[in-house]
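Trainee: Here is my input, please return the structure:
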Amino acid sequence: MKIKFVKTISILLVLSALGFLVLRSEFFVQDEVRYVKEWYGKKLIFPEQMTFRLYGKESVDYDYSTADYKILALMDSVSCIECQLRIDDWRRFITDVDSLTNANIRYLFVMKPVSERNLYDILKDEDFQIPVCTDGAEFRKINKMEFPGTHVFLLDQNNQIICVGNPLLRKRIRELYFNLMN
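Mentor: Numbering: from 1, shown residues only. This is a model prediction of the structure:
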């Protein structure tokens, strides 16, 4: 009798846990859908002055205004900067984009690091040759983007968001980026 009771309780606990996970994933999906609906189609505003730096040295002239497409990666350093950057993944993605599309594409890494020195040390050590802007707070303020973390958008030449999502993390998003840029 006692064993049957323990089995019944165990089964109920497992079913409850599974139910909780299903509900939680459903709320997560709903949040993602709401997020995409909120940002898809919006036109982003870029500050008058955005300073892009390569390896933390002097600022570089980085003209993104004439690009056919812009891939905007907004990052803050709430967590590990190196983990958020995913430099090797970006390199592979950029190589794929270059080989699979003929479009003029600019990559905009707009960051709000806690330590610019740490960020630039990482960029230099990794030989990351794409300029990075560290005025993420201003960009987020102008566009009323008050959410933390990393967010990636594909923009058209008018700075309108045509795809929402990180192509490094989801194959479906990656394919969508390629389809839109071709």
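Trainee: next SSE after the strand or helix carrying I161?
Mentor: Assigning secondary structure by DSSP states H and E places I161 in strand 161-164. Where DSSP H and E defines the elements, the next helix or strand beyond strand 161-164 is helix 171-181.
Trainee: dump the residue contacts of the residue lying closest to T66 once chain neighbours are set aside.
Mentor: Distance criterion C-beta to C-beta, 6 or more residues apart in numbering; nearest residue to T66, sequence neighbours excluded, is N104 at 7.1 Å. In this view, the C-beta of every residue, glycine as well, is placed from N, C-alpha and C. Listed by C-beta atoms under 8 Å, 6 or more residues apart in numbering, the contact partners of N104 are 66-69.
Trainee: Of those, which is the most crowded?
Mentor: Neighbours here are counted as other C-beta atoms under 10 Å. On that basis the top member of these is Y69, with 21 neighbours.
Trainee: Run through the bridge partners of L155.
Mentor: According to DSSP bridges, the partner residues bridging L155 are K70, I161.
Trainee: Strands of the protein, start to end?
Mentor: In chain order, the chain shows strands spanning 52-53, 59-60, 69-76, 105-112, 132-133, 151-156, 161-164, with DSSP state E as the criterion.
Trainee: low-scoring stretches of the chain, by residue?
Mentor: Applying pLDDT under 70 to the chain picks out residues 1-32, 35-36, 56, 77-84, 136.
Trainee: Closest one to Y55 out of the contacts of N104, please.
Mentor: The nearest member of the contacts of N104 to Y55, counting by C-beta to C-beta, is A67 at 22.1 Å.
Trainee: wouldn't the closest one be in contact with Q157 here?
Mentor: Yes: using C-beta atoms under 8 Å, A67 and Q157 qualify as a contacting pair, with a distance of 6.5 Å.
Trainee: tell me the contacts of I161?
Mentor: Counting by C-beta under 8 Å, 6+ apart, I161 touches 39-44, 153-155.
Trainee: now do 7 Å
Mentor: Contacts for I161 (C-beta atoms under 7 Å, 6 or more residues apart in numbering) come out as 39-42, 44, 153, 155.
Trainee: what do you get for L85?
Mentor: For L85, the set of contacting residues under the criterion of C-beta under 7 Å, 6+ apart consists of I122.
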